[in-house]
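Peer 1: The following block contains a protein sequence and its predicted model.
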Amino acid sequence: WGTNEGLIISILAHRNAGQCKLICEQYAETYGEVLRKALDKELSNNFEIKFFLFTFILLSRVYFPDLFH
């Protein structure tokens with residue numbers, strides 16, 4: 001089946017910082033894994049996807065450093 005990269009981007013790219021924090025927290029609580037690590041494993045080497053993920057991670061680290069181990 002594979003990963004629906006477009007769906008991931010559509011969910012994360014259209015959320016404010018508070019919503020992204022809740023998504024990260026809920027993912028960690030539900031799956032016992034940091035969302036960033038899970039996404040990095042699942043997404044292809046597509047530059048656009050990786051650039052988006054990098055931006056999401058960078059902003060998340062600035063606003064929510066406690067979410068990253």
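Peer 2: Ah, there it is.
Peer 1: Tell me how many other residues surround Ile9.
Peer 2: Burial measure for Ile9: 16 neighbouring residues, criterion other C-beta atoms under 10 Å. (C-beta placed from N, C-alpha, C; glycine too.)
Peer 1: If we ignore the residues flanking it in sequence, what's nearest it?
Peer 2: In space, Ile9 comes closest to Phe52 once its chain neighbours are excluded; the distance is 5.7 Å by C-beta to C-beta, 6 or more residues apart in numbering.
Peer 1: what's the one helix or strand Glu29 maps to packed up against?
Peer 2: Secondary-structure assignment from DSSP states H and E places Glu29 in helix 17-31. Contacting helix 17-31 under the criterion 3 or more C-beta pairs under 8 Å, 6 or more residues apart in numbering; DSSP states H and E are the following elements: helix 5-12, helix 35-42, helix 47-63.
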